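[1] I need the structure of the sequence given here:
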Amino acid sequence: MLTLASVTLLVLVGSVATSIRSRLIAAPVALVAATVVWMFVNEPLEGPTLWVTAAGHRFTLADAVTPILLGVATVRVVQLARPPERPTRRNIS
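    Numbering: from 1, shown residues only. All right, here's what the predicted structure looks like:
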């Protein structure tokens, strides 16, 4: 399971870098897919407990990465969904 978590973490890092630099919508979609897998395999790499929610349930550092990554993917999808701004006479320097 540690190997799967490590590979998923590497895929996440690559997906973030690709998502930020790529103009393809597939890049943030791949980031979301890797994030969903990460939620299920991150146990061996969880790190320190940040918050105990109930007996036997805790929020760890690895869990905190999930909403951040989903936020990055959401921002990129919104950016890519907008049509590129066309230059007009007003905004040409």
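[2] do you have the strands of this structure handy? List them.
    49-54, 57-60 (DSSP state E).
[3] out of these, deepest packed?
    Across the strands of the chain, the average number of neighbours (mean count of other C-beta atoms under 10 Å) peaks for strand 57-60, which reaches a mean of 13. In this view, the C-beta of every residue, glycine as well, is placed from N, C-alpha and C.
[4] what's next to that strand, contact-wise?
    42, 46-53 (C-beta atoms under 8 Å, 6 or more residues apart in numbering).
[5] and if we set it to 6 Å?
    46-47, 49-52 (C-beta atoms under 6 Å, 6 or more residues apart in numbering).
[6] now do stretch 8-19, average pLDDT.
    Mean pLDDT, stretch 8-19: 91.
[7] and the closest residue to S15 other than its chain neighbours, what pLDDT?
    Nearest non-adjacent residue to S15, counting by C-beta to C-beta, 6 or more residues apart in numbering: L31, 4.1 Å away. Per-residue confidence for L31 comes out at a pLDDT of 93.
[8] next up, the contacts around L31.
    Per C-beta under 6 Å, 6+ apart, neighbours of L31: 15, 19, 73.
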